[in-house]
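K.L.:
I need the structure of the sequence given here:
(chains A and B)
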Amino acid sequence: MEIFALFDCIISPACLLSQATGGLKIGMLLFLVASGLTLVFGVLGVINFAHGALYMLGAYFSWQVMTLTGHFGLSVILGSLGVGIFGLLFERTLISRIYNAELLVQILLCYSVVLILDDLVMIIWGDEFLSSVGVPEVFQVPPLFIFDAIIPPFHLAIIGMSFIVGIILWFIMTKTRFGRLVRAAAVNPKMLEALGININFIRAGVFMLGSFLAGLGGALAASVGSVVSGMGNSIIIESFIVTVIGGMGSISGAFLASLIIGMARSFGAVAMPLFTDGLMFLIMVLVLVIRPQGLMGNKKK
Amino acid sequence: MELLKVQNLNAFYGNSQVLFDMNINITKNNIIALLGRNGAGKSSTFKAITGLIHVNSGSILLKGKELIKQATSKRALLGIGYVPEDRQVFPEHTVEENLDLGKKNSSEGKNNWPIDKVWDTFPILVQLKNRMAGQLSGGEQQMLSIARTLVGNPEILLLDEPSEGLAPIIVEDIAVILKNLKKLGVTILLAEQNMHFCLEVAEEAIIIDRGRSVWNGSLKDLQKDTKTRDKYLAI
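P.N.:
Numbers count the residues shown, from 1 in each chain, chains lettered A, B, ... in the order given. Reported below is the predicted structural model:
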């Protein structure tokens, strides 16, 4: 372990700032995906193993729109909306049939969908890495130098965009009627039905929103990395870790945990480059031992 | 014509039958007490009417409309207003938000419960508006639960043991509110074990025993009829 390297980094403004920005970027992208996962679990009670595959679809969709139109903004919007609509169909045709099924059945169904989608995208787009959509022109400028730290403006844009999405999500959940309904459905769906609310609309809406968030994460990821079948498999594991650390079903918990994981990955790469994945799991293990319900999770009822 | 007509209703909890050929007739603008011992089937009757438990056969007519095949939410939209025994307020929503969740127009598209009327009828809720429902006392939660169902403009209120677990002084507050609701023309089917509470607010009663309706008539008659009371209500 290179503990001195970490110390050197922390006392150097350049290293500190660039690692912190990198951590923020990783964390905020992760938050987009994990918030969708935790939202779906909190309201529908389904652990959506196919969430990573939706992320992958977002990347492919936006790559396709970018290739056709060359418009970055359009590719992100249409890519994530496309995944939202795909999620709606997925929920109505398959997920809605397994709400009362055993956990194993739910996981098997979702996992099957992952394998099917992984193959489908290979049939449609080929089995080779597609090069990244690329940074939009406005951001094709020299990086910023702040305290000698090299900071690509596009990374700041990704952080900013994700942050805004987080705020919009918070606003929807706390200030709108849809958000109130969603929170109520997570606590007591039967009572909500007895008050005249069709719970199927809420479930479909939540799944669509969750899919949209996964798609948005994928669409943004396609602009900084390559696109390939199976690319959702690592993000789903990280999203699960975030969900467990933050507390299953808690969006604010997912935010906090995403930042922790982002920073752990970024600074972990300096301090213990061979143990960055291990570090993530270590944090999860510690949280599970000390606070099993997660940082912001409710105690089991 | 009856507002609510339940005929030969047979309902199940899983595999065990809880209602046997249940019959209930309710006319408008009235409070009817649904009496019976603990476990007689009062809550099951309500859950069968709201669609929360499985009904095997029979008929539930609300204003002549058959509800038996409708989903729970659809029944609520048609006018079934259910206030569950354990209140089931949403604990992490404020009082105002709880009311908002229950808000809907009547099946005829009318709103007889603008928010000002709610505050007038349940004055205790005014100062609790922004409080989380989970922090309210049992009596306050009961008021909120009733108000939350009323703002959905139901045709009939199925009120399950509102006095349960509350201090006598709070039960008195609830009785006052129910009498006010009666004056406002709200139809209530009131499940209770507390006969004194019923005498205060209702005139008619239905007795159910082991999942069957066994007696109906005026509460005053029932008060004199010790034989029926001993048979079906004495513990």
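K.L.:
nearest spatial neighbour of A:Ala204, skipping sequence neighbours?
P.N.:
Once flanking residues are discounted, A:Ala204 sits nearest to A:Glu91: 5.4 Å by CB to CB, 6 or more residues apart in numbering or on different chains. C-beta: built from backbone N, CA, C; applies to glycine.
K.L.:
could you say which helix or strand holds that neighbour?
P.N.:
Assessed by DSSP states H and E, A:Glu91 sits inside helix A:72-93.
K.L.:
rewinding a little: shouldn't the residue nearest to A:Ala204 be in contact with A:Gly205?
P.N.:
No: look at A:Glu91 against A:Gly205 with CB atoms under 8 Å: they stay out of range, at 9.3 Å.
K.L.:
so between those two, which is more surrounded?
P.N.:
Set side by side, A:Glu91 and A:Gly205 show more neighbours around A:Glu91, with 24 against 17, by other CB atoms under 10 Å in any protein chain shown.
K.L.:
quick check: residues of chain B near chain A?
P.N.:
Selection of chain B residues close to chain A by CB under 8 Å from any CB of the partner chain yields B:50, B:52, B:71-74, B:76-77, B:82, B:84, B:88, B:90-93, B:97, B:100-102, B:104, B:148-149, B:152.
K.L.:
can you tell me which of those residues are buried?
P.N.:
Using 16 or more other CB atoms under 10 Å in any protein chain shown as the burial test, the residues of chain B next to chain A include B:50, B:52, B:72-73, B:76-77, B:82, B:84, B:88, B:90, B:93, B:97, B:100-102, B:104, B:148-149, B:152 as buried.
K.L.:
show me those that map onto helices.
P.N.:
Counting by DSSP state H, those place B:Thr50, B:Thr72, B:Ser73, B:Ala76, B:Leu77, B:Glu97, B:Asp100, B:Leu101, B:Gly102, B:Arg148, B:Thr149 in helices.
K.L.:
biggest separation within those, which pair?
P.N.:
Pairwise distances across those peak at 22.2 Å for B:Thr50 and B:Glu97 (criterion: CB to CB).
K.L.:
quick one: buried residues of stretch A:82-90?
P.N.:
By neighbour count on 16+ other CB under 10 Å, the buried set for stretch A:82-90 is A:Gly82, A:Val83, A:Gly84, A:Phe86, A:Gly87, A:Leu88, A:Phe90.
K.L.:
one step back: I'd like to know which elements the helix holding A:Glu91 is packed against.
P.N.:
helix A:51-69, helix A:199-224 (3 or more CB pairs under 8 Å, 6 or more residues apart in numbering or on different chains; DSSP states H and E).
K.L.:
mind checking the longest helix of chain B?
P.N.:
Assigned via DSSP H, chain B shows its longest helix as helix B:168-183.
K.L.:
pLDDT on the one helix or strand B:His196 maps to, on average?
P.N.:
Taking DSSP H and E as the criterion, B:His196 maps to helix B:195-201. Average pLDDT, helix B:195-201: 88.
K.L.:
list of residues touching that helix?
P.N.:
Identification of contacts with helix B:195-201 by CB atoms under 8 Å, 6 or more residues apart in numbering or on different chains yields B:31, B:33, B:35, B:163, B:171, B:175, B:178-179, B:182, B:190, B:192, B:205, B:219, B:223, B:229, B:233.
K.L.:
can I get the buried part of these as one PyMOL selection?
P.N.:
Here is the PyMOL command that selects the buried residues among those (16+ other CB under 10 Å):
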select buried, chain B and resi 31+33+35+163+171+175+178+182+190+192+205+219+229+233
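K.L.:
just the contacts of helix B:195-201 now: which is nearest chain A?
P.N.:
Lowest distance from chain A to the contacts of helix B:195-201 (CB to the nearest CB) belongs to B:Leu190, with 17.2 Å.
K.L.:
my guess is that closest one contacts B:Leu181. True?
P.N.:
No: here B:Leu190 does not reach B:Leu181: they are 10.5 Å apart, not a contact under CB under 8 Å.
K.L.:
list residues touching both of these two?
P.N.:
Common neighbours of B:Leu190 and B:Leu181 (criterion: CB under 8 Å, 6+ apart): B:Ile31.
K.L.:
which residues touch whatever residue of chain B ends up closest to chain A?
P.N.:
Nearest to chain A in chain B, going by CB to the nearest CB, is B:Ala76, at a distance of 3.4 Å. By CB under 8 Å, 6+ apart, the contact set of B:Ala76 is A:Glu193, A:Ala194, A:Leu195, A:Gly196, B:Thr50, B:Tyr82, B:Lys104, B:Gly152, B:Pro154.
K.L.:
just the strands in chain B please.
P.N.:
Ranges of strands in chain B, per DSSP state E, are B:4-13, B:16-26, B:31-35, B:54-62, B:65-66, B:80-83, B:156-160, B:187-192, B:204-209, B:212-218.
K.L.:
same question, chain A
P.N.:
With DSSP E as the criterion, chain A has strands at A:144-146, A:149-151.
K.L.:
turn those into JSON lines, columns for distance to chain B.
P.N.:
Output for the strands of chain A, formatted as JSON lines (distance: least, CB to the nearest CB, whole Å):
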{"stretch": "strand A:144-146", "distance to chain B": "41"}
{"stretch": "strand A:149-151", "distance to chain B": "40"}
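K.L.:
pLDDT weak spots in the stretch 201-301 of chain A?
P.N.:
A:299-301 (pLDDT under 70).
K.L.:
kindly recompute the last result at 80.
P.N.:
Applying pLDDT under 80 to the stretch 201-301 of chain A picks out residues A:298-301.
K.L.:
buried residues, stretch B:52-72. List them.
P.N.:
Result for stretch B:52-72 [16+ other CB under 10 Å]: buried residues B:Leu52, B:Ile53, B:Val55, B:Gly58, B:Ile60, B:Leu61, B:Leu62, B:Lys63, B:Leu67, B:Gln70, B:Thr72.
K.L.:
state the distance from the nearest residue to the fourth one once chain neighbours are set aside to B:Ala48.
P.N.:
Using CB to CB, 6+ apart and skipping residues adjacent in sequence, the residue nearest B:Gly58 is B:Leu9, 3.6 Å away. Separation of B:Leu9 from B:Ala48 (CB to CB, to the nearest Å) stands at 6 Å.
K.L.:
quickly list what's touching both of these two.
P.N.:
The contact sets of B:Leu9 and B:Ala48 overlap at B:Leu19, B:Met22, B:Val55, B:Ile60 (CB under 8 Å, 6+ apart).
K.L.:
and the residues you listed, which is closest to A:Lys25?
P.N.:
Among these, B:Val55 lies closest to A:Lys25 (CB to CB), at 55.7 Å.
K.L.:
which residues touch residue 202?
P.N.:
Since no chain was named, I'll use chain A. Counting by CB under 8 Å, 6+ apart, A:Ile202 makes contact with A:Val43, A:Leu181, A:Val182, A:Ala185, A:Pro189, A:Leu192.
K.L.:
switch to chain B, please.
P.N.:
So B:Ala202 contacts B:Ile31, B:Ile32, B:Ala33, B:Leu190, B:Leu219 (CB under 8 Å, 6+ apart).
K.L.:
what about chain B: which of the contacts of A:Ile202 touch it?
P.N.:
Checked against chain B using CB under 8 Å from any CB, the contacts of A:Ile202 yield the following neighbours: A:Leu181, A:Leu192.
K.L.:
nearest to A:Leu274 among the contacts of A:Ile202?
P.N.:
Within the contacts of A:Ile202, the smallest distance to A:Leu274 is 39.1 Å, found for A:Val43 (CB to CB).
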